[in-house]
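1. Okay, sequence plus prediction incoming.
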Amino acid sequence: MTTYVKVKNTPYIRDINTMALLNTDRKAVNKDEAYKREMAKNKEKEKQIAELKTEINDLKDMVKKLLEKVENSNG
């Protein structure tokens, strides 16, 4: 059987069997989970932006090479 003890002056309880500290403030837990989801989205967006920058640089290099070939074939 699981036994919990309230931790004084906090929104936490302690599981006596595992000594785990559990937050009973659902509003704070939900806020933290939303924050973590937002940070994960931001990290994914940053990754996509970095990939797009790389692709743009690759395209720029290709265009430069094509222009050099055109200039060399005309010159």
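-> Nice, thanks for sending it over.

2. Could I get the full set of helices for this structure?
-> All helices of the chain, identified by DSSP state H, fall at 26-74.

3. how close does the nearest residue to residue 6 once chain neighbours are set aside get to residue 20?
-> Spatial nearest neighbour of residue 6, excluding adjacent residues (Cβ to Cβ, 6 or more residues apart in numbering): residue 13 at 5.6 Å. (Each C-beta comes from the backbone N, C-alpha and C, glycine too.) Using Cβ to Cβ, to the nearest Å, one obtains 9 Å as the distance from residue 13 to residue 20.

4. more crowded one of the two?
-> Ranked by neighbour count (other Cβ atoms under 10 Å), residue 13 and residue 20 place residue 13 first, with 16 against 12.

5. if I read this right, that one contacts residue 3, doesn't it?
-> No. Counting by Cβ atoms under 8 Å, residue 13 stays clear of residue 3, with 9.9 Å between them.

6. who touches both of these two?
-> Counting by Cβ atoms under 8 Å, 6 or more residues apart in numbering, residue 13 and residue 3 have no common neighbour.

7. avg pLDDT for stretch 49-58?
-> Averaging pLDDT along stretch 49-58 yields 98.

8. how far is that stretch from where the chain is centred?
-> Offset of stretch 49-58 from its chain centre (Cα atoms, centre = their mean, to the nearest Å): 19 Å.

9. Could you do stretch 44-58 as well?
-> On the basis of Cα atoms, centre = their mean, stretch 44-58 sits 15 Å off its chain's mean C-alpha point.

10. Thank you kindly, that will do.
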